[in-house]
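whatever this is, show me its structure:
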Amino acid sequence: MSERIAISTTDAPAPAHTFSQGVRKGSFVQVSGQGPVDPATNEYLFPGDVAAQTTRTLQNVEAILKAGGATFDDVMMLRVYLTKREDFPIMNDAYGEFVSARITSGVLPSRTTVFTGLPREEMLVEIDAIAIVD
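Have a look, this model is predicted:
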């Protein structure tokens, strides 16, 4: 049986002390929920701009995937958490542009979008990912 390995990279925001940026076990990679945070400063970026927050959040997800040996072609599922229903089309456009540009297989990952409260007031979006590496 393969061991669980914490994924860690300075190219994504430092995680809280209570969880890892991601975890890999065998071919399975789980990325913890990411937000629109600059990994260099740990500052939340783009207040009020859900498109820019979506792109920054996906960049953080991508950095953790890479550190875990995965790419967006390995992603099976992304979960997007939004604070406002009216932000859905804006997020969807930014998400579609970012993810589509990184998929070489032509098969987009599955996705669920949930409307909820998030840990910080300035966060409009949070995204996590599940990938399986061949």
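
could you measure from the most centrally placed residue in the chain over to P36?
For the chain, the residue nearest the mean C-alpha position is V61 (3.4 Å; Cα atoms, centre = their mean). As judged by Cβ to Cβ, to the nearest Å, V61 and P36 stand 11 Å apart. Bear in mind the C-beta positions are built from the backbone N, C-alpha and C, glycine included.

E43 too?
10 Å.

give the buried residues for the longest helix anywhere in the chain.
Identified as the longest helix of the chain according to DSSP state H is helix 50-67. By neighbour count on 16 or more other Cβ atoms under 10 Å, the buried set for helix 50-67 is 50-65, 67.

show me what it is packed against.
strand 22-25, strand 28-34, strand 75-82, helix 88-100, strand 125-132 (3 or more Cβ pairs under 8 Å, 6 or more residues apart in numbering; DSSP states H and E).

list the buried residues for the longest one?
Within helix 88-100, the residues that qualify as buried are I90, M91, N92, A94, Y95, F98, V99, counting by 16+ other Cβ under 10 Å.

closest one of the residues you listed to M77?
Among those, V99 lies closest to M77 (Cβ to Cβ), at 12.0 Å.

thought that closest one was touching L65?
No - counting by Cβ atoms under 8 Å, L65 is not a contact partner of V99; they are 11.7 Å apart.

pull up the overlap in contacts between these two.
F72 (Cβ atoms under 8 Å, 6 or more residues apart in numbering).

got the helices and strands packed on helix 50-67 as TSV, with mean pLDDT and distance to S8 columns?
Formatted as TSV, these follow (pLDDT from 0 to 100; distance: least, Cβ to Cβ, whole Å):
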stretch	mean pLDDT	distance to S8
strand 22-25	98	8
strand 28-34	98	11
strand 75-82	98	19
helix 88-100	98	23
strand 125-132	98	16
